[in-house]
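[1] build the 3D model from these lines:
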Amino acid sequence: MNRSVFSFNDKVDRIVLKPVATAYRNVVPDAVQKGVNNFFGNLGDVWSTVNNALAGRRQETGDSISRVVVNSTVGVLGIFDVASDMKIPRHKADFGTTLGRWGVKPGPYVVLPVLGPATLREVAALPVDYKASLTNQFTEAATRDTLTLLNIVSTRARYLGASDTADGAALDAYSFIRDAYLQRQRYIQYDGNPPDAEPPADEEPDLNDNGEVR
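    Residues are numbered from 1 along each chain as shown. Here you go, the predicted model:
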């Protein structure tokens, strides 16, 4: 099932997301793209602040608060990432990360339609992350949808180079993306200092087109 959903997502990406993101990267000035990325990064720092606080991480919470205050004021609503220039580190955290720090295991690796790779823990956290997203706090649907779409396109544009590298280097794109995702989740979970690797999360048997275990 995971591979089937991955194949579907790949087609959607190649037909819709990648062309739009490529056009965005080629047409929109670099300074504007950077400002857009910084703006959404600042919104993400607000939610990271909450989750670092929920996990009882005082230093990370303080850094996150400092980033939000500096970038929202001096950085003009986050358009300029002044906090990074001041060497204030970013500590990304969503509710899935918080659950992990509370001791909840990642669970099986899954691939969600359109949304992409996740673990069962991340799936359980999705409703909370969605509800808490600052872009979803706008009552006007047009504004909310525009910001959501802009965030998706700008995020995809940032990873154009990485996806091209993956396409060229990976003999098995599914396994490459899965391993990269799980590694990144561990990196975020331990704030860049993960312990020795744990065994990969259990998932459904990896079957080929004939239904045989690979």
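[2] which helices and strands sit right next to the longest helix along the chain?
    Counting residues, the longest helix found in the chain (DSSP state H) is helix 30-54. Judged by 3 or more Cβ pairs under 8 Å, 6 or more residues apart in numbering; DSSP states H and E, helix 30-54 is in contact with helix 58-73, helix 95-101, helix 120-132, helix 141-158. C-betas here are computed from N, CA, C, even on glycine.
[3] neighbouring strands - and their directions - for the helix or strand following the second one?
    On the C-terminal side of helix 95-101, the nearest following helix or strand under DSSP states H and E is strand 109-112. Using DSSP bridges, strand 109-112 pairs in its sheet with strand 116-119 (antiparallel).
[4] pLDDT on the partner strand, on average?
    The average pLDDT for strand 116-119 rounds to 96.
[5] where's it relative to the chain centroid, distance-wise?
    10 Å (Cα atoms, centre = their mean, to the nearest Å).
[6] and that strand, what's buried?
    Within strand 116-119, the residues scored as buried using 16 or more other Cβ atoms under 10 Å are P117, A118, T119.
[7] run through who's touching it.
    The contact list for strand 116-119, computed with Cβ atoms under 8 Å, 6 or more residues apart in numbering, reads 9, 96, 106-112, 126, 177-178, 181-182, 185, 201.
[8] can you tell me which helix or strand of the protein has the lowest average pLDDT?
    Across the helices and strands of the chain, mean pLDDT, DSSP states H and E gives its lowest value to helix 160-169, namely a mean of 71.
[9] what angle sits between the next helix or strand after that helix and helix 120-132?
    As assigned by DSSP H and E, the chain's next helix or strand after helix 160-169 is helix 173-189. On the basis of axes from the mean of the first three to the mean of the last three Cα atoms, to 10 degrees, helix 173-189 is oriented at 70 degrees to helix 120-132.
[10] and helix 173-189, how far out from the chain middle?
    Taking mean C-alpha positions (Cα atoms, centre = their mean), helix 173-189 and its chain are 11 Å apart.
[11] who does that helix touch, helix- and strand-wise?
    With contacts taken as 3+ Cβ pairs under 8 Å, 6+ apart, helix 173-189 sits against helix 2-12, helix 95-101, strand 109-112, strand 116-119, helix 160-169.
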